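# Here is the input, now give the coordinates:
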Amino acid sequence: DNITVDNATLNFEVPVTAADQVDLLVANPVIGKNGATETTQTPVSLNFKHLLSRIAFEIVATDIPSDGINVVTLTEFSLNGSFASKGTVNMMEGTPKVTATAGETTTSYEMKDYFGYTNGVMNTSTGNPASEYLMIIPDGNVPDYIKVTYVVTTYEVDQDGKPTTTVIGTPIENTAKFALQPAEGEAFEYKAGKAYKYVFSIAMDTISFTV
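Just a heads-up that it's a prediction; the model follows:
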């Protein structure tokens, strides 16, 4: 439903929900092969290329006591910036690429629900499912930062050592914003056909970030 063809132009729209997003592979058309006047039919080779950028995320809980009384809840996880939501591919113009449609943008992707992250076990990780990669049009987008907020809640245990619903102390909340720009200040740019993975290590009082 998000791809239409108008003459030699392919129109592409990125669904808002990541689970509905699909990869986009395009090959240049082969003109003049196996026409009606040819007596011998020969194979036609098509060289398909990935035209989008794929983004995955992973959260790793580190240095959180694994005695079952600490629960980590992800309350915010968003990729912020200006991303093209629509684009076109001119099938007759050189190497296929998506040209962003002016004015058709989304400013952020809220990803907290991709994880459903509640974890009381140390050194375990969870990532968004392979079916829910973000697919970004690598043209006309300006990724800015990723914001992460999570809460660590500690519970009392009963005589059997099982967690109760009684909270000990005040839950710890941590928030961090990670810029997606090089140190020299130039805008970060996603590349067509490339896959990116952002990994966040969360502890009781810190968050670290790697790509």
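# what's the distance between V142 and E189?
Going from V142 to E189 by Cβ to Cβ, to the nearest Å gives 9 Å. From N, CA and C alone the C-beta is placed, and that goes for glycine too.
# now H50
H50 sits 16 Å away from E189, taking Cβ to Cβ as the criterion.
# same question, A18
Distance, A18 to E189, by Cβ to Cβ: 21 Å.
# more crowded one of the two?
A18 (20 against 13; other Cβ atoms under 10 Å).
# Can you tell me the closest non-neighbouring residue to L46?
A27 (3.9 Å; Cβ to Cβ, 6 or more residues apart in numbering).
# the bottom helix or strand of this structure by mean pLDDT?
One helix or strand of the chain scores below all others by mean pLDDT, DSSP states H and E: strand 118-119, with a mean of 49.
# so where's this structure shaky on pLDDT?
For the chain, applying pLDDT under 70 flags the ranges 1, 30-39, 65-68, 115-131, 181-187.
# what are the ranges of the helices in it?
112-115 (DSSP state H).
# what sits against the closest residue to N47 other than its chain neighbours?
Closest residue in space to N47, ignoring its immediate chain neighbours: A27 at 5.5 Å, by Cβ to Cβ, 6+ apart. Applying Cβ atoms under 8 Å, 6 or more residues apart in numbering to A27 gives the contacts L46, N47, F48, K49, P96.
# Pull the contacting residues for P43.
For P43, the contact set (Cβ under 8 Å, 6+ apart) is empty.
# no wait, F77
F77 makes contacts with F57, E110, M111, K112, Y114, F115, I146, K147, V148, T149, as judged by Cβ under 8 Å, 6+ apart.
# Only whichever of the residues you listed are buried, select them in ChimeraX.
A single ChimeraX command selects the buried members of the contacts of F77 (16 or more other Cβ atoms under 10 Å):
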select :57,111,112,114,115,146,147,148,149
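# quick one: the residue nearest to N47 and I137, what's the gap?
Applying Cβ to Cβ, the value for A27 to I137 is 18 Å.
# Correct me if wrong: T75 contacts V152.
No. Using Cβ atoms under 8 Å, T75 is not in contact with V152, being 11.1 Å away.
# Same drill for these two, tell me which one is more crowded.
Each of T75 and V152 has its neighbours counted (other Cβ under 10 Å); V152 has more, 20 against 12.
# Return the set of residues that bridge with that one.
Here V152 sits in beta bridges with V72, I172, as judged by DSSP bridges.
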